[in-house]
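Q: Quick check, what structure comes out for this input:
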Amino acid sequence: MRIIFLFALMIGTVSNSIGQNNISRAEYWADSVLNSLTPEQRIAQLMVVRLSAYDFKTKTPVYYDSLVAAQVKKYNVGAVCLFQGNPVKLAGILNDLQSKAQTPMMVCIDAEWGLGMRLFDSVQLLPKQMMLGAVQDKSIIYKYGKLVAQQCKRLGIHVNYAPVVDVNNNPNNPVINDRSFGEDKYKVAAYGIEYMRGMQDNGVMACAKHFPGHGDVAVDSHLDLPVINKSIAQLDSLELYPFRAIFKAGIGSVMVAHLYIPSIDSSKNRATSISKKNVTGLMRTELGYNGLTFTDALEMQGVKKFFPDGEASVQSLIAGNDMLCLPGDVEQSIQRIKAAIAGGKLSEDDINYHCKRVLMAKYQYIGEKATPVKQENITAELNQGIAATKRLVAENALTILNKKDSSFFPLTNSGDSDIAFVGIGIAQENDFAKRIKADYNATAFYFDYQQNRDGVAALVNRIKTRFKKVIIGVHAYSRTPANNFGISSAAIELVKQLQAQTSSTSFVFGNPYAIKNFCSAKNIIACYEDDAIIQQAAADLLQDKFAAKGLLPVTICEQYKYGSGISTGFFLPGKIIPSMQLTQ
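A: Predicted structure coming up:
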């Protein structure tokens with residue numbers, strides 16, 4: 001009775017997208033495929049294996065097509081996950097695998113900020129979620145999700161492991177950080193739903209991650225098991241809020257994190273990804289989520305360290321997960337799962353239940369047979385719309401945090417060569433430097449993170465005695481907070497002295513948390529990303545070619561808290577947009 005009841009719940013969830021008229025066909029197809037599979041193939045349908053990677057030593061993609069083809073032939077593996085690679089080659093590999101697969105293969109990717117996140121040799125990046133969090137127009141997030149879906153569809157991808165709906169309430173978080181929409185649960189929920197709808201309305205399954213919330217950690221779960229010592233009440237009031245909202249909104253899948261949260265499950269070293277109390281108890285029973293579940297990668301040390309050699313796969317299924325992401329040795333995992341069935345820890349009914357859920361999702365997002373990917377013009381088409389979307393996001397996200405010196409915004413060219421540009425973190429001109437030099441006949445100075453303090457005082461004195469205005473660009477620092485984002489103490493000292501002793505404005509291109517080093521500036525602008533399009537937009541903002549609208553999605557320092565921003569647009573700084581306040 002339990003299995004029949006759960007199938008009914010699953011079918012009710014799927015019917016929202018498939019439609020009642022197609023349910024009977026979907027069930028018929030799923031049942032017929034299920035009945036055609038051997039017990040081992042039913043287990044293999046639950047596995048997502050790696051198709052590609054990147055060798056950072058040789059700076060070349062690595063393809064595992066021969067290995068995956070063998071796994072498809074022997075076990076009919078259910079899904080692959082793309083990482084790096086050339087789009088033309090990947091399309092060819094996918095076409096070949098799909099033609100050989102007994103059952104359509106689900107193709108997944110972990111591409112939160114577009115396919116350029118993975119296919120960085122060929123496809124341009126889209127802005128990260130933290131920059132989206134500075135935008136005040138939710139419709140832009142929907143458009144962003146739609147573009148990502150179009151990219152995925154073009155390459156034959158059915159599931160994108162996005163959006164991140166972790167609330168980043170720890171500035172030192174080494175693994176989420178700028179991948180989050182910010183620290184406000186209402187914004188994270190609202191923007192996650194818009195991203196989800198943009199993808200799912202356009203035929204790609206979204207995946208909320210990382211349940212039950214990865215935002216308040218100080219350890220990277222790729223390397224070890226993070227611990228979160230919060231009560232259930234605390235989790236429910238913050239971390240779980242976006243998941244509850246996006247579950248209600250109809251997201252197709254969720255990824256379960258490798259976290260140790262004693263208030264959920266105090267069993268020694270038991271990650272939430274392999275905890276029945278978390279997956280079945282909290283997520284399924286208490287929150288009522290009935291969509292597909294993926295584990296986070298089982299090759300990550302947060303779980304593999306304590307449950308090696310296929311045991312993590314066994315424990316993931318016992319916990320109630322549907323799909324095992326990157327389980328490692330497929331044959332070993334299958335044998336361990338079969339042994340668990342023989343030992344009574346799992347049952348064949350459990351495997352059949354999860355297998356049918358996967359097949360129903362395949363019917364919804366793939367159909368009965370995968371459509372071959374056209375290789376012609378694929379790279380160019382994957383890049384379509386990216387530049388325009390980045391510009392749209394930039395014009396809505398760039399955030400003026402302070403404007404005590406009113407002689408900037410707009411800054412006009414006096415024609416007297418009295419403006420200096422100081423490029424921090426770079427040794428030669430970038431697009432921002434080129435624009436400032438061209439627009440203002442500015443003299444450029446460069447100070448990268450390898451230089452020491454010895455020349456700072458002399459450089460400051462030279463600049464302040466010769467130039468009336470100074471434009472500072474802080475560039476090329478790390479995304480992650482370790483070692484203060486890689487920003488040298490000498491560079492910080494130079495910026496602070498220039499801010500104190502000159503009429504200056506500082507543009508900080510990258511993770512906004514790094515602005516903590518420059519909070520004393522008279523004029524400071526959070527730019528969130530550091531590429532040519534964002535730099536050009538920043539130069540246009542300086543000339544008042546568009547209105548500043550962005551608001552900080554996180555708290556940086558005492559002066560600049562969540563919602564800070566001097567806006568010349570419709571939205572007022574420091575206000576939470578009412579539409580973001582979702583009800584539980």
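Q: Domain-wise, how is this structure divided?
A: Here the domain parsing of the chain from automatic domain parsing is 2-213+323-382, 399-580.
Q: Let's have those domains in JSON lines, adding distance to residue 306.
A: Backbone N, C-alpha and C define where each C-beta goes, glycine included. Shown next, in JSON lines, are the domains of the chain (distance: least, C-beta to C-beta, whole Å):
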{"stretch": "domain 2-213+323-382", "distance to residue 306": "14"}
{"stretch": "domain 399-580", "distance to residue 306": "25"}
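Q: Grab the nearest non-local neighbour of residue 30.
A: Computed as C-beta to C-beta, 6 or more residues apart in numbering, the closest residue to residue 30 that is not its neighbour in sequence is residue 359, at 4.0 Å.
Q: Pull the contacting residues for that neighbour.
A: Residues near residue 359 by C-beta atoms under 8 Å, 6 or more residues apart in numbering: 29-30, 33-34, 45, 103.
Q: With residue 272 instead?
A: Residues near residue 272 by C-beta under 8 Å, 6+ apart: 211-212, 256-261, 264-265, 278-279.
Q: What segments of the stretch 451-584 of the chain are helices?
A: Secondary structure of the stretch 451-584 of the chain (DSSP state H, counting those that start in this stretch): helices located at 456-466, 489-501, 532-542.
Q: what do you get for the stretch 301-450 of the chain?
A: Secondary structure of the stretch 301-450 of the chain (DSSP H, counting those that start in this stretch): helices at 301-304, 311-319, 330-342, 348-365, 378-382, 386-397, 431-440.
Q: swap in the stretch 101-250 of the chain?
A: 129-132, 138-154, 185-200, 232-237, 240-249.
Q: could these go into CSV alongside mean pLDDT, distance to residue 503 and mean neighbour count?
A: Shown next, in CSV, are the helices of the stretch 101-250 of the chain (pLDDT from 0 to 100; distance: least, C-beta to C-beta, whole Å; neighbours: other C-beta atoms under 10 Å):
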stretch, mean pLDDT, distance to residue 503, mean neighbour count
helix 129-132, 98, 28, 28
helix 138-154, 98, 34, 21
helix 185-200, 98, 35, 26
helix 232-237, 97, 45, 14
helix 240-249, 98, 43, 22
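Q: roughly how far apart are residue 27 and residue 45?
A: 16 Å (C-beta to C-beta, to the nearest Å).
Q: okay, those two: which has more neighbours?
A: Applying other C-beta atoms under 10 Å to residue 27 and residue 45 shows that residue 45 carries more neighbours, namely 29 against 18.
Q: my guess is the more buried one meets residue 101, correct?
A: No. Using C-beta atoms under 8 Å, residue 45 makes no contact with residue 101, being 10.5 Å away.
Q: Mutual contacts of the two, please.
A: Taking C-beta under 8 Å, 6+ apart as the contact rule, residue 45 and residue 101 both touch residue 76.
Q: what stretches of the stretch 1-150 of the chain score poorly on pLDDT?
A: Counting by pLDDT under 70, the ranges of the stretch 1-150 of the chain that qualify are 1-23.
Q: Mind jotting down where the strands sit in it?
A: Along the stretch 1-150 of the chain, the segments classed as strands by DSSP state E, counting those that start in this stretch run 47-50, 52-55, 60-63, 79-82, 106-109.
Q: still on that earlier bit, nearest to residue 124, out of the helices of the stretch 451-584 of the chain?
A: Across those, residue 124 has its closest neighbour in helix 532-542 (8.8 Å, C-beta to C-beta).
Q: comparing the helices of the stretch 301-450 of the chain, which gets the lowest mean pLDDT score?
A: With a mean of 88, helix 301-304 has the lowest mean pLDDT of the helices of the stretch 301-450 of the chain.
Q: Who's the closest spatial neighbour of residue 292, skipping the chain neighbours?
A: Closest to residue 292 by C-beta to C-beta, 6+ apart is residue 253, at 4.0 Å.
Q: isn't residue 219 right next to residue 225, touching?
A: Yes. Residue 219 lies in contact with residue 225 (C-beta under 8 Å); the separation is 7.4 Å.
Q: Those two: who's more crowded?
A: Taking other C-beta under 10 Å, residue 219 and residue 225 do not tie; residue 225 has more neighbours (21 against 17).
Q: okay, now the closest residue to residue 543 other than its chain neighbours: neighbour count?
A: Of all residues not flanking residue 543 in the chain, residue 410 sits nearest, at 5.2 Å (C-beta to C-beta, 6+ apart). Other residues within reach of residue 410, judged by other C-beta under 10 Å, total 10.
Q: And the pLDDT at residue 410?
A: So, for residue 410, pLDDT stands at 90.
Q: if I pick the closest residue to residue 519 other than its chain neighbours, what's in contact with it?
A: Distances taken as C-beta to C-beta, 6+ apart place residue 557 nearest to residue 519, at 4.3 Å, with adjacent residues excluded. Residue 557 is in contact with 515-516, 519, counting by C-beta under 8 Å, 6+ apart.
Q: I'd like those residues laid out as a markdown table, including distance to residue 150 and pLDDT.
A: Formatted as a markdown table, the contacts of residue 557 follow (distance: C-beta to C-beta, whole Å; pLDDT from 0 to 100):
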| residue | distance to residue 150 | pLDDT |
| --- | --- | --- |
| 515 | 33 | 98 |
| 516 | 37 | 97 |
| 519 | 40 | 93 |
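Q: separation between the residue sitting nearest the centre point of the chain and residue 129?
A: The residue lying closest to the centre of the chain (C-alpha atoms, centre = their mean) is residue 112, at 3.4 Å. Distance of residue 112 to residue 129, given as C-beta to C-beta: 6 Å.
Q: For the two, list the residues in contact with both.
A: When contacts are counted by C-beta under 8 Å, 6+ apart, residue 112 and residue 129 are jointly contacted by 163-164, 179.
Q: now, which of those residues sits nearest residue 205?
A: Proximity of the shared contacts of residue 112 and residue 129 to residue 205 (C-beta to C-beta) peaks at residue 163, which lies at 12.2 Å.
Q: what number of residues lie near the closest one?
A: Neighbour count of residue 163, defined by other C-beta under 10 Å: 33.
Q: so it sits right up against residue 111, yeah?
A: No. Taking contacts as C-beta under 8 Å, residue 163 lies outside contact range of residue 111: 10.9 Å.
Q: Once you drop chain neighbours, what's closest to residue 541?
A: Nearest to residue 541 is residue 398, by C-beta to C-beta, 6+ apart, at 5.4 Å.
Q: Please name the residues that touch that neighbour.
A: Applying C-beta under 8 Å, 6+ apart to residue 398 gives the contacts 134, 525-528, 534, 537-538, 541, 548, 550.
Q: Let's see that with 10 Å instead.
A: 131, 134-135, 507, 525-529, 534, 537-538, 540-541, 546, 548-550, 565 (C-beta atoms under 10 Å, 6 or more residues apart in numbering).
Q: Which members of those residues are classed as buried?
A: Among the contacts of residue 398, those classed as buried by 16 or more other C-beta atoms under 10 Å are 131, 134-135, 507, 525-529, 534, 537-538, 540-541, 546, 548-550, 565.
Q: Got phi/psi on the nearest residue to residue 162 once chain neighbours are set aside?
A: What sits nearest to residue 162 in space, not counting adjacent residues and going by C-beta to C-beta, 6+ apart, is residue 112, at 4.3 Å. Main-chain torsions, residue 112, degrees, to the nearest 10: phi -60, psi -40.
Q: thought residue 112 was touching residue 148?
A: Yes. Here residue 112 reaches residue 148: they are 8.6 Å apart, a contact under C-beta atoms under 10 Å.
Q: burial of the residue nearest to residue 311 when sequence neighbours are not counted, as a residue count?
A: Nearest non-adjacent residue to residue 311, counting by C-beta to C-beta, 6+ apart: residue 336, 6.2 Å away. By the criterion of other C-beta under 10 Å, residue 336 has 19 neighbours.
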